[in-house]
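**Student:** Pasting the sequence and the predicted model now:
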Amino acid sequence: MLRLLASEIYKRWAMIIVDLPNEGATGALAARVAAVAKPGDVIALRGDLGAGKTSFVRAFIRARGAADATVPSPTFTLVQVYELPEATIWHFDFYRLRRPEEAWELGIEEAFAEGISLIEWPERAGALLPPETLEIALLPGSAPDARRAEISGGPGWTSRLAAIGAAA
């Protein structure tokens, strides 16, 4: 089920909510986001441990053309970089950051400027995330394996969110 919401306070932001009954639906959502993502995009993935953030990233990277890629969680390495023909994808996991400034050491400046950045635990980056960041919160759904994705983005994401939502 999909609901399109417009905030009365922040009219410049668009939001969609997508019910995800299982991991396959999460992968399908990731593929839709991957289809509209472009270099310079920053995608922040929020959710508790086990919410499906890394599963989302795996499906995203595979949908971008790395179908056989092994996509580990960068919990210990903090970043994994995937050089793909159309764009370089940077997969960050900020869970172990102690201070937002530590993210600079991981190459976020280059990633934000030239690649597509997928960030787990983005709240640990503080104010370092750009204003046009696409926020995806993976929340518990109505069943044990179900999730609900709340997706919001600024003006640069409005038409792309409509495309993501139309396919849901």
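**Tutor:** Right, received. Where do you want to start? Numbers count the residues shown, from 1 in each chain.
**Student:** Keeping just the C-alphas, turn the helix or strand harbouring residue 57 into PDB.
**Tutor:** Element membership for residue 57 (DSSP states H and E) is helix 53-63. Taking C-alpha atoms only, helix 53-63 is exported to PDB below (Å, rounded to 0.1, in the frame of the first residue of the first chain):
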ATOM      1  CA  LYS A  53      19.200  -1.400   5.800                       C
ATOM      2  CA  THR A  54      21.900  -3.700   4.500                       C
ATOM      3  CA  SER A  55      19.400  -5.800   2.500                       C
ATOM      4  CA  PHE A  56      18.200  -2.600   0.900                       C
ATOM      5  CA  VAL A  57      21.800  -1.600  -0.100                       C
ATOM      6  CA  ARG A  58      22.500  -5.100  -1.500                       C
ATOM      7  CA  ALA A  59      19.400  -4.900  -3.700                       C
ATOM      8  CA  PHE A  60      20.200  -1.300  -4.700                       C
ATOM      9  CA  ILE A  61      23.700  -2.200  -5.800                       C
ATOM     10  CA  ARG A  62      22.600  -5.300  -7.700                       C
ATOM     11  CA  ALA A  63      19.900  -3.400  -9.400                       C
END
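**Student:** all helices in the protein, in order from the N-terminus.
**Tutor:** With DSSP state H, the ranges of helices along the chain come out as 23-36, 53-63, 108-114, 158-166.
**Student:** pLDDT (mean, whole number) over the last one?
**Tutor:** Averaging the model's pLDDT scores along helix 158-166 yields 86.
**Student:** So which elements touch it?
**Tutor:** In terms of contacts (3 or more CB pairs under 8 Å, 6 or more residues apart in numbering; DSSP states H and E), helix 158-166 is packed against strand 2-6, strand 14-20, helix 23-36, strand 147-153. Heads up, the C-betas are built off the backbone N, CA and C, glycines and all.
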